[in-house]
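**Student:** what's the 3D shape of this:
(one chain, ligands or ions: 1)
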Amino acid sequence: MGKALIIGAGGVASVTAHKCCQNSEVFEEIMIASRTKEKCDALKAKLDGGKTKVHTAQIDADNVDELAALIERFGPDVVINLALPYQDLHVMDACLKTKTHYVDTANYEPPDTAKFEYSWQWAYHDRFKDAGITALLGSGFDPGVTNVFCAYAQKHYFDEIHEIDILDCNGGDHGYPFATNFNPEINIREVTAPGSYWENGRWVHTEPMEIKREYDFDGVGKKDMYLLHHEEIESLAKNIRGVKRIRFFMTFGESYLTHLRCLQNVGMTSIEPIEFQGQKIIPLQFLKAVLPDPATLGPRTVGKTNIGCIFKGIKDGKPRTYYVYNVCDHQECYREVGSQAVSYTTGVPAMIGAMMLMTGTWKGPGVFNMEQFDPDPFMDALNKWGLPWKEDFNPVLVD
Ligand SMILES: NC(=O)c1ccc[n+]([C@@H]2O[C@H](COP(=O)([O-])OP(=O)(O)OC[C@H]3O[C@@H](n4cnc5c(N)ncnc54)[C@H](OP(=O)(O)O)[C@@H]3O)[C@@H](O)[C@H]2O)c1
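**Tutor:** Model (predicted):
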């Protein structure tokens with residue numbers, strides 16, 4: 001059918017590339033292009049031999065002209081941006097220049113401010129519309145599948161959804177006292193930021209990790225979880241009719257939190273540049289350099305993830321609750337594609353999002369969040385491509 005250009009060669013990109021190669025009817029050719037070409041070549045060596053033809057290239061995705069030239073040369077139907085959120089706008093600019101569809105998994109963050117929101121990317125809507133191309137924002141698990149779960153609940157089970165709780169549980173153990181399951185810089189910026197949730201048409205702000213709950217997760221067991229700000233709340237508040245409250249919770253173990261607190265207290269999570277031996281360094285970037293690379297956690301991570309959404313609302317005048325979630329096993333992911341479940345649960349939806357655009361199943365020029373399209377084909381694809389979901393019509397609710 002067509003070609004995809006994958007930008008980045010980290011944990012998530014590796015899974016997406018594997019899944020594209022499993023889906024060679026749609027992805028006849030892929031190009032893996034990233035800052036460090038050796039990583040792209042190492043990935044290609046693992047993937048070669050199947051039906052999908054794999055190319056590699058070196059690219060600095062912040063250089064719009066170079067990236068646009070690469071897109072012109074390779075001629076992909078879609079660019080899947082799996083570098084870091086800092087690159088989003090530059091990759092979108094290159095897609096505009098070349099009239100190519102765009103997919104990512106995380107919304108834009110300026111490198112010098114720990115603030116993530118959709119305003120910068122939504123501002124591209126008219127330009128994408130005029131160019132006749134689609135930008136699909138946040139096609140990972142959360143955001144991504146969680147948005148599709150919301151659209152599915154709205155379409156099939158509710159006249160009005162009043163409350164949404166998104167629960168992200170990682171019950172995995174990698175054996176290190178402290179490591180992050182995806183890019184440490186992005187992960188630590190996310191979890192050390194103040195929390196917030198949406199209630200009655202406005203944001204309610206909290207201190208970082210101020211709100212804690214315990215939940216008994218299918219496949220994992222009881223875990224402590226903490227309320228965080230998360231990007232899908234912003235788009236769901238706009239797109240889910242009648243919604244009054246949206247919260248996002250993520251589980252963290254005691255060891256992770258104790259280490260994080262200590263690192264914060266000594267200033268290691270700061271993004272303010274400091275002078276070190278005659279040069280400026282950013283403490284958080286230095287910390288990333290000494291922490292385990294998330295892409296290497298695969299062989300040693302055991303246990304499961306469980307991510308899903310609990311809904312409360314009304315159907316035919318009666319109150320209704322509904323929980324839809326996926327349970328994913330770290331070791332099964334590793335056996336299949338050589339990565340742990342956090343990369344897997346992000347990389348699979350990125351492939352499916354690209355497939356939705358390439359096959360024309362989801363179409364419409366402009367910039368869109370996942371819940372704005374018909375959820376059914378995506379939900380079917382999740383079952384087919386490794387992220388089957390379960391439903392519970394009488395779930396335990398979070399207070
Ligand atoms: N929605 C979700 O559910 C979800 C969950 C987890 C992660 N994510 C997102 O997924 C993305 C990838 O995460 P990851 O864990 O795979 O990160 P990662 O392992 O750090 O990989 C990032 C890759 O991007 C490359 N890169 C960085 N800057 C670049 C530039 N200017 N030009 C070209 N390539 C560049 C890096 O190159 P080097 O190899 O040279 O460093 C690396 O290969 C992140 O945006 C993350 O926020 C989303």
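**Student:** tell me the contacts of the residue nearest to the spatial centre of the chain?
**Tutor:** By C-alpha atoms, centre = their mean, the chain has its centre lying nearest to Gly140, at 3.4 Å. For Gly140, the contact set (C-beta atoms under 8 Å, 6 or more residues apart in numbering) comprises 12, 105-106, 345-346, 349-350. Just so you know, the C-beta spots here come from the backbone N, C-alpha and C atoms, and that holds for glycine as well.
**Student:** Leaving out sequence neighbours, find the closest residue to it.
**Tutor:** Thr105 (3.4 Å; C-beta to C-beta, 6 or more residues apart in numbering).
**Student:** and that neighbour, what does it touch?
**Tutor:** So Thr105 contacts 12, 81-82, 138-140, 143-144, 346, 349-350 (C-beta under 8 Å, 6+ apart).
**Student:** Quick one: those residues as JSON lines, columns for pLDDT and secondary structure too.
**Tutor:** Shown next, in JSON lines, are these (pLDDT from 0 to 100; DSSP: H, G, I helix; E, B strand; the rest coil):
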{"residue": "Val12", "pLDDT": "95", "secondary structure": "helix"}
{"residue": "Asn81", "pLDDT": "98", "secondary structure": "strand"}
{"residue": "Leu82", "pLDDT": "98", "secondary structure": "coil"}
{"residue": "Gly138", "pLDDT": "98", "secondary structure": "coil"}
{"residue": "Ser139", "pLDDT": "98", "secondary structure": "coil"}
{"residue": "Gly140", "pLDDT": "98", "secondary structure": "strand"}
{"residue": "Pro143", "pLDDT": "97", "secondary structure": "coil"}
{"residue": "Gly144", "pLDDT": "98", "secondary structure": "strand"}
{"residue": "Thr346", "pLDDT": "97", "secondary structure": "helix"}
{"residue": "Pro349", "pLDDT": "98", "secondary structure": "helix"}
{"residue": "Ala350", "pLDDT": "98", "secondary structure": "helix"}
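**Student:** Please tell me how far the closest residue to the ligand within the stretch 51-200 of the chain sits from Lys37.
**Tutor:** Nearest to the ligand in the stretch 51-200 of the chain, going by C-beta to the nearest ligand atom, is Gly140, at a distance of 2.3 Å. Using C-beta to C-beta, to the nearest Å, we find Gly140 at a distance of 25 Å from Lys37.
**Student:** Tell me how many other residues crowd Lys99.
**Tutor:** By other C-beta atoms under 10 Å, 11 other residues sit near Lys99.
**Student:** OK, contacts around it?
**Tutor:** 131-133.
**Student:** Throw together a ChimeraX command that grabs the buried residues out of those.
**Tutor:** Applying 16 or more other C-beta atoms under 10 Å to the contacts of Lys99 leaves a buried subset, and the ChimeraX line that selects it is:
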select :131,133
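**Student:** quick check, nearest of the contacts of Lys99 to His230?
**Tutor:** Looking at those and their distance to His230, the nearest is Ile133, at 27.0 Å (C-beta to C-beta).
**Student:** Return the residues of this structure in contact with the ligand.
**Tutor:** 7-13, 34-36, 39, 59-62, 82-85, 87, 105-106, 138, 140-144, 182-183, 186, 294-295, 346 (C-beta under 6 Å from any ligand atom).
**Student:** helix or strand for the nearest residue to Val396 once chain neighbours are set aside, which one?
**Tutor:** Among residues not flanking Val396 along the chain, Asp216 sits closest, at 6.9 Å (C-beta to C-beta, 6+ apart). Assigned by DSSP states H and E, Asp216 belongs to strand 212-217.
**Student:** other SSEs contacting the helix or strand of the chain with the lowest mean pLDDT?
**Tutor:** One helix or strand of the chain scores below all others by mean pLDDT, DSSP states H and E: helix 184-192, with a mean of 83. Applying 3 or more C-beta pairs under 8 Å, 6 or more residues apart in numbering; DSSP states H and E, we find helix 184-192 packed against helix 254-265, helix 283-290.
**Student:** Partner strands of the helix or strand that comes right after the longest one, with direction?
**Tutor:** Beyond helix 254-265 on the C-terminal side, the first helix or strand identified by DSSP H and E is strand 274-276. Strands that pair with strand 274-276, judged by DSSP bridges, come out as strand 279-281 (antiparallel).
**Student:** For the partner strand, which outside residues touch it?
**Tutor:** For strand 279-281, using C-beta under 8 Å, 6+ apart, the contacting residues are 273-274.
**Student:** again, but for stretch 326-341
**Tutor:** Against stretch 326-341 from outside (C-beta under 8 Å, 6+ apart): 11, 14-15, 18-19, 46, 141, 145, 170, 172, 174, 181, 218-220, 294-295, 297-299, 301-308, 343-345, 347, 382, 386-390.
**Student:** Please repeat the previous calculation with a cut-off of 7 Å.
**Tutor:** 11, 14-15, 18, 46, 145, 172, 181, 218-219, 297-299, 301-308, 344-345, 387-389 (C-beta atoms under 7 Å, 6 or more residues apart in numbering).
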